[in-house]
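> From the sequence below, what's the structure:
(chains A and B)
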Number of protein chains: 2
Amino acid sequence: MTTLTIALDVMGGDFGPPVTVHAAVRAVTQYPELHIILCGIQSQIEHELNKVSLPLESQLTILHCSQVVEMDERPTATLRSKTDSSMRRALELVEQGKADACVSAGNTGALMTNAYYVLKTLPGIERPALVTSLPTQTDKKVYLLDLGANVECNSEVLFHYAVMGSVMAEQVEGIEKPRVALLNVGEEQIKGNDRVKHAAQLLKDAPGINFIGYLEGNDIFSNRADVVVTDGFVGNIALKACEGLGKLVISEVKRITGRNLLTKAMALLALPFLKKIYSRVNPDQYNGASLIGLRGIVVKSHGNASVDAFLYAIKEAKQEISRQVPTKIKDKIEIALG
Amino acid sequence: MTTLTIALDVMGGDFGPPVTVHAAVRAVTQYPELHIILCGIQSQIEHELNKVSLPLESQLTILHCSQVVEMDERPTATLRSKTDSSMRRALELVEQGKADACVSAGNTGALMTNAYYVLKTLPGIERPALVTSLPTQTDKKVYLLDLGANVECNSEVLFHYAVMGSVMAEQVEGIEKPRVALLNVGEEQIKGNDRVKHAAQLLKDAPGINFIGYLEGNDIFSNRADVVVTDGFVGNIALKACEGLGKLVISEVKRITGRNLLTKAMALLALPFLKKIYSRVNPDQYNGASLIGLRGIVVKSHGNASVDAFLYAIKEAKQEISRQVPTKIKDKIEIALG
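Reported below is the predicted structural model:
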């Protein structure tokens, strides 16, 4: 049996060990081939482990780290000030080949900055991207990237993102020849800014990429593409605007509860359902986001993640390990670049 | 009594005269001071007018135009091929001072292109913007611009947009010292791309502008700002992503109807309500969008607009005329530029 090793940033997230340690315990119980290195403050980890009594010692190791990256800390500042943080040490385990992936629910900016610094990008890849899968009107998912790793993307970076997203859809979601689209303000060839137009040119000619052209914002969730590519500025704002709309609708539904009994009942019934749908477009709350394009696997879980949600992020990491996502991205970039 | 004159592109939109003419009839019935020039194919206009029998002749004039800009026509092509279109002629009436505003439900791209060509921008303004007001979690609205008039905006253009949006919020919505924010991927000063950072610098020092800093996508609808500024690429995609999310939620609600009786009832009750909320983020369906920064008033109604929705767009134009929006923008730009 091949052992898969995941380095867990136990201290990250709003709850830390009370959530992350128990997600780890559940993960190793479920997967005998899984080994998890719990990076964080030893006493806190042991405190949580003492609550469960399972013979998992061989699957769980503790790596004591003296520091914690706070959720509101400036990302770049952590590079020098937090070299013994659970986040940094977990990433270093991946870099040293001692772990196959890192999972963290910590400060997203700090995770991106530290991961980029520690792991570096794959050959041929200029910049990493933050990617997530989102629901569509069908049972299929759509991969959207970049969600904010890079706010300034030239056309080459967009091209790399398309290749990387294509690999994710193929390897993690199992979609053959994923349909890749560039997010744009119209579907006609003449539409868009120069970066998008040039990226489209590059993609049209790229071997191994099923480029289907431009897609408008209203089609992100319509299953017209399996991979939707845009820069981190647009991706971040588009997804957060959706999150904001979700909040707006929920607040409108709550307002209704003041009216007549029928609408009141309807609103009360609709609320949990609506919340569930909207949580699905809040990517890291739903299933975590992956930082791809690096020489290692990094999965970001939501800061507010429950044990279930954090467990989901661990499973995502496990899937990326077994499908060798970084290697596949490296290979596909070589092919795509001709 | 001051007469307000509006030039109506009667042929624009999915329905043309059967909607637009009747909206015009209702508008002049409601407002005795209003005069509307119906631009379009005379026989079709007369056909509709014959259905109503009101002594409105003095408030309604027909300007026969032999051409119609189709909804799927290439915007730039219409500049040369459709010089006698109802859209073009309506814009020319504004340019010639024969009308105070133009209202159209036609091809958005063609309207922007023709309006820019015919009316030109105000002194000091580089580019026009498409702006709309959107609902927030409170009773107040928020102005979002640009929705797609310009996909490449440098920081000066973003600065102009902030000033223009501020005037709209002040004059049309009656908000004193509107809070103006730049859409960004974070609220910290270090966040964002160079264009946004430089625009923030310009806005910080601008007299007469209540610049409150950056705002993230999830706060568009939260009433933290009265005016949210971004480039046409981001604005278009963010708003359309919200539209797409609305469709996704509605399709999920419909799916539910197959399950048990309670959820079925809930879904059926929730649907019209949800559709109503989502139509509010589909800006031109809700209340039209305005093309601002030009030497004249241009209001775009949704192609699919009903008589009510088109009437709303006429009222929006009337409001912009009486508050002299173009003049106010010109004045405010002068002040803001110091």
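
> Do I have it right that A:Leu63 meets A:Leu38?
Yes - A:Leu63 is within contact range of A:Leu38, at 6.9 Å (criterion: C-beta atoms under 8 Å). For every residue, glycine as well, the C-beta is placed using N, CA and C.

> quick one, which of those two is more surrounded?
A:Leu38 (29 against 20; other C-beta atoms under 10 Å in any protein chain shown).

> OK, contacts around the more buried one?
A:8, A:10, A:20-21, A:24, A:45, A:60-63 (C-beta atoms under 8 Å, 6 or more residues apart in numbering or on different chains).

> and with 10 Å instead?
For A:Leu38, the contacting residues are A:6-11, A:17, A:20-21, A:24-25, A:44-46, A:48-49, A:60-65, A:86, A:90, by C-beta atoms under 10 Å, 6 or more residues apart in numbering or on different chains.

> shared neighbours, A:Leu63 and A:Leu38?
In contact with both A:Leu63 and A:Leu38: A:7-8, A:10, A:45, A:86, A:90, using C-beta under 10 Å, 6+ apart.

> check whether the strand or helix carrying A:Met112 contacts chain B.
Element membership for A:Met112 (DSSP states H and E) is helix A:108-119. Yes - judged by C-beta under 10 Å from any C-beta of the partner chain, helix A:108-119 comes into contact with chain B through A:Gly109.

> And that helix, what does it pack against?
helix A:75-81, helix A:86-95, strand A:101-104, strand A:129-135, strand A:289-292, strand A:297-300 (3 or more C-beta pairs under 10 Å, 6 or more residues apart in numbering or on different chains; DSSP states H and E).

> Can you lay out the ones you listed as CSV showing mean neighbour count, mean pLDDT and distance to chain B?
Output for these, formatted as CSV (neighbours: other C-beta atoms under 10 Å in any protein chain shown; pLDDT from 0 to 100; distance: least, C-beta to the nearest C-beta, whole Å):
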stretch, mean neighbour count, mean pLDDT, distance to chain B
helix A:75-81, 15, 94, 8
helix A:86-95, 25, 98, 19
strand A:101-104, 30, 97, 19
strand A:129-135, 24, 93, 7
strand A:289-292, 28, 95, 14
strand A:297-300, 28, 96, 15
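
> Looking at the ones you listed, which is nearest to B:Lys247?
strand A:129-135 (11.8 Å; C-beta to C-beta).

> which residues of the stretch 1-150 of chain A score low on pLDDT?
The stretch 1-150 of chain A contains residues with pLDDT under 70 at A:1, A:54-57.

> now do 90
A:1-3, A:13-14, A:52-58, A:71-72, A:108, A:135, A:137-139, A:148-150 (pLDDT under 90).

> which SS class is the closest residue to chain B within it?
Here the residue of the stretch 1-150 of chain A nearest chain B is A:Gln137; by C-beta to the nearest C-beta that distance is 4.5 Å. Secondary structure for A:Gln137, judged by DSSP: H, G, I helix; E, B strand; the rest coil, is coil.

> what sits against it?
A:221-224, B:244, B:247-252, B:254-255.

> now, which of those residues lie within helices?
Using DSSP state H, the subset of the contacts of A:Gln137 located in helices is B:244, B:247-252, B:254-255.

> Closest to A:Val180 out of the residues you listed?
For the ones in helices among the contacts of A:Gln137, the nearest to A:Val180 is B:Gly244 (17.8 Å; C-beta to C-beta).

> mind listing what the closest residue to the closest one other than its chain neighbours touches?
Of all residues not flanking B:Gly244 in the chain, A:Asn218 sits nearest, at 4.1 Å (C-beta to C-beta, 6 or more residues apart in numbering or on different chains). By C-beta under 10 Å, 6+ apart, the contact set of A:Asn218 is B:236-237, B:239-248, B:282.

> repeat that for 7 Å
Applying C-beta atoms under 7 Å, 6 or more residues apart in numbering or on different chains to A:Asn218 gives the contacts B:240, B:243-244.

> And the pLDDT for it?
Turning to A:Asn218, the model gives it a pLDDT of 92.
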